[in-house]
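Asker: For reference, the sequence and a predicted model appear below.
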Amino acid sequence: MRNLLSWLPSWRIPPRYHPELLLGLFLGISLSVSSGTLAQYIRQRRRERIKSTVNYEPTPIELKSNEVVNGVTGLIGNTPLVRINSLSDALGVEILGKAEFLNPGGSVKDRVALQVINDAEQQGLLHPHSGSTIFEGTVGSTGISIATIGRARGYETTIIMPDDVAEEKSKALLCLGAHVEKNLAKQRALEFGDVELQNDVEEGFVVTTQATESEVSHQNRPDDNDEAETKARGFFADQFENRSNFDAHFNGTGPEIWRQTHGEIDAFVSGAGTGGTIAGIGTYLKNMKNTIMVVLSDPEGSGLYNKIKFGVMYDAKESEGSKRRHQVDTVVEGIGINRLTHNFELALNRIDDAYRITDAEAVSMSRYLVKHDGLFLGSSSACNLVACVKLAKRLGPGKTIVTILCDSGNRHYSKFWYGFLSKTRSTLAEILIPPLQE
């Protein structure tokens with residue numbers, strides 16, 4: 001025993017402390033360090049084992065300094081996963097956010113817009129630099145993405161928006177040269193290609209994602225097919241029903257998340273507006289590992305929460321006598337809806353659970369992230385992270401939860417960042433984060 005203690009530093013030990021106590025302390029520290037190293041070794045071996053059983057491609061999120069991407073569209077996708085340190089440390093889990101606000105158009109919708117335009121061009125529905133106009137109905141982010149990519153491809157854009165969208169989005173669209181209206185996107189596309197004028201070779205015509213083969217091949221045009229390809233068209237992007245929305249995430253975002261986590265993911269959380277994000281990513285991840293939970297984050301006023309929990313598309317705000325002016329009356333933009341879209345229907349059998357997120361929770365989370373993580377995020381991102389906290393408390397420590405950070409707070413000043421507080425006359429100190437306060 002004395003020989004063993006001679007290896008220790010020559011500390012002056014008070015006589016009242018027995019040598020065996022010091023030995024026990026030494027062994028305890030040694031075992032603690034050894035167990036930590038062993039746990040790290042096991043995790044590393046697990047990653048290596050997963051890599052050997054799955055056909056991995058190199059993670060494409062690091063660009064070398066000598067690489068050059070092809071225009072603005074080359075900047076879309078391959079966004080990093082960022083660890084939300086404050087939430088992860090507080091809950092003993094790994095909460096990771098896909099930083100989609102780093103896309104050139106500033107949101108996850110860049111992926112969808114690019115896929116929609118690429119597919120339309122491949123199908124012959126659109127032809128670059130032909131004077132064609134892309135029409136879409138959106139609360140802003142998809143419109144900004146379409147306008148960004150449209151400019152690069154030689155298209156005009158007409159964006160139809162609700163009248164209560166944050167003004168920053170309208171200003172961004174105008175700066176991108178888009179025409180902004182308050183009307184129905186499909187109707188405006190039809191007006192652009194009035195069928196009564198189709199016999200006039202100087203006029204354009206309309207196609208949508210539901211176009212017939214004759215429309216795609218220009219067989220309904222009296223002029224030469226080659227010449228028809230140079231004529232202006234009105235194209236309705238139709239993000240809610242267009243399968244390209246789902247494909248953008250199934251073929252892009254989902255595989256990126258799987259590679260970046262090396263398959264070590266326990267749950268995926270996302271809101272839904274069109275439904276393409278949660279459907280595409282959720283389906284891909286479930287195909288790779290069926291035990292992954294796919295969880296919906298739904299704001300106030302949306303019917304999707306009840307659809308997942310109870311099988312009924314309904315919200316209390318739609319009951320007789322309580323219907324409000326706007327269908328989804330919330331300060332959260334980009335997610336929440338009261339009808340089933342084609343893209344969301346693709347996710348119905350993939351979503352395991354749902355959480356209802358209040359405006360106060362979303363606003364509180366956004367302020368919390370700025371204060372503790374320096375992350376300035378938009379309303380839908382805040383909703384997603386509140387849902388992550390609730391799910392983490394339910395699953396317990398040691399789990400990995402991935403979500404989408406849809407856009408930054410730059411598009412939400414007037415409505416989400418300042419509008420909510422002025423409307424409720426609340427102070428930041430009065431708005432707490434219930435999941436973290438329990």
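Answerer: Looks like it came in fine.

Asker: so what's the nearest residue to residue 233 once chain neighbours are set aside up against?
Answerer: Of all residues not flanking residue 233 in the chain, residue 132 sits nearest, at 4.2 Å (CB to CB, 6 or more residues apart in numbering). For the C-beta atoms, the positions are set from N, CA and C on the backbone; glycine is no exception. Counting by CB atoms under 8 Å, 6 or more residues apart in numbering, residue 132 makes contact with 126, 155, 156, 204, 232, 233, 234, 235.

Asker: Return the subset of those lying in strands.
Answerer: 156, 233, 234, 235 (DSSP state E).

Asker: wait, is residue 312 part of a helix?
Answerer: No - the assignment for residue 312, made by DSSP: H, G, I helix; E, B strand; the rest coil, is coil rather than a helix.

Asker: For stretch 340-347, list the C-alpha coordinates in PDB.
Answerer: Taking Å, rounded to 0.1, in the frame of the first residue of the first chain, the C-alpha atoms of stretch 340-347 are listed here in PDB:
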ATOM      1  CA  LEU A 340     -54.500  18.100 -46.900                       C
ATOM      2  CA  THR A 341     -52.100  18.600 -49.700                       C
ATOM      3  CA  HIS A 342     -50.800  15.900 -52.000                       C
ATOM      4  CA  ASN A 343     -47.300  16.300 -50.500                       C
ATOM      5  CA  PHE A 344     -48.500  16.000 -46.900                       C
ATOM      6  CA  GLU A 345     -50.600  12.900 -47.800                       C
ATOM      7  CA  LEU A 346     -47.300  11.200 -48.700                       C
ATOM      8  CA  ALA A 347     -46.200  11.700 -45.100                       C
END
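
Asker: Now do it: everything it contacts.
Answerer: Applying CB under 8 Å, 6+ apart, the set of residues contacting stretch 340-347 is 240-243, 245-246, 272, 274-276, 278-280, 282-283, 294, 304, 307, 313, 337.

Asker: In helices, which of those residues appear?
Answerer: 243, 245, 246, 276, 278, 279, 280, 282, 283, 304, 307 (DSSP state H).

Asker: Which members of these define the maximum pairwise distance?
Answerer: 243 and 307 (20.4 Å; CB to CB).

Asker: what about those two, which has more around it?
Answerer: residue 307 (22 against 18; other CB atoms under 10 Å).

Asker: so where's this protein shaky on pLDDT?
Answerer: In the predicted model, the chain carries pLDDT under 70 at residues 1-26, 28-66, 183-229, 314-329, 411-438.

Asker: hang on, the earlier thing: now, among the ones in strands among the contacts of residue 132, which is nearest to residue 165?
Answerer: residue 156 (20.6 Å).

Asker: was I right about that closest one contacting residue 133?
Answerer: Yes - proximity of residue 156 to residue 133 meets the contact threshold set by CB atoms under 8 Å, at 4.2 Å.

Asker: Who has more neighbours out of the two?
Answerer: Counted by other CB under 10 Å, residue 156 and residue 133 do not tie: residue 133 has more neighbours, with 21 against 18.

Asker: partner residues bridging the more buried one?
Answerer: Counting by DSSP bridges, residue 133 forms beta bridges with residue 156, residue 234.

Asker: Roughly how far does it sit from residue 123?
Answerer: 17 Å (CB to CB, to the nearest Å).

Asker: do residue 99 as well
Answerer: 31 Å.

Asker: higher neighbour count, those two?
Answerer: residue 99 (19 against 14).

Asker: who's the more buried one bridged to?
Answerer: Going by DSSP bridges, residue 99 forms beta bridges with residue 405.

Asker: possible to save the ones in helices among the contacts of stretch 340-347 as a markdown table with distance to residue 111?
Answerer: Output for those, formatted as a markdown table (distance: CB to CB, whole Å):
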| residue | distance to residue 111 |
| --- | --- |
| 243 | 14 |
| 245 | 9 |
| 246 | 11 |
| 276 | 9 |
| 278 | 14 |
| 279 | 13 |
| 280 | 9 |
| 282 | 15 |
| 283 | 15 |
| 304 | 21 |
| 307 | 25 |
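
Asker: Nearest to residue 108 among those residues?
Answerer: residue 276 (9.4 Å).

Asker: Name the nearest residue to that closest one, ignoring sequence neighbours.
Answerer: residue 245 (3.2 Å).

Asker: Next up, the contacts around that neighbour.
Answerer: 112, 115, 116, 239, 274, 275, 276, 280, 343.

Asker: and which of those is nearest to residue 264?
Answerer: Nearest to residue 264 among the contacts of residue 245 is residue 280, at 20.7 Å by CB to CB.

Asker: picking that back up, how close does the residue nearest to residue 276 sit to residue 407?
Answerer: In terms of CB to CB, residue 245 sits 17 Å off from residue 407.

Asker: Spatially nearest residue to residue 284, not counting backbone neighbours?
Answerer: That would be residue 254: by CB to CB, 6+ apart, it lies 3.0 Å from residue 284.

Asker: Now do the strands for the stretch 51-200 of the chain: every range, in order, please.
Answerer: 81-83, 94-99, 133-137, 156-160, 179-181 (DSSP state E, counting those that start in this stretch).

Asker: count of residues packed around residue 232?
Answerer: Based on other CB under 10 Å, the number of other residues close to residue 232 is 17.
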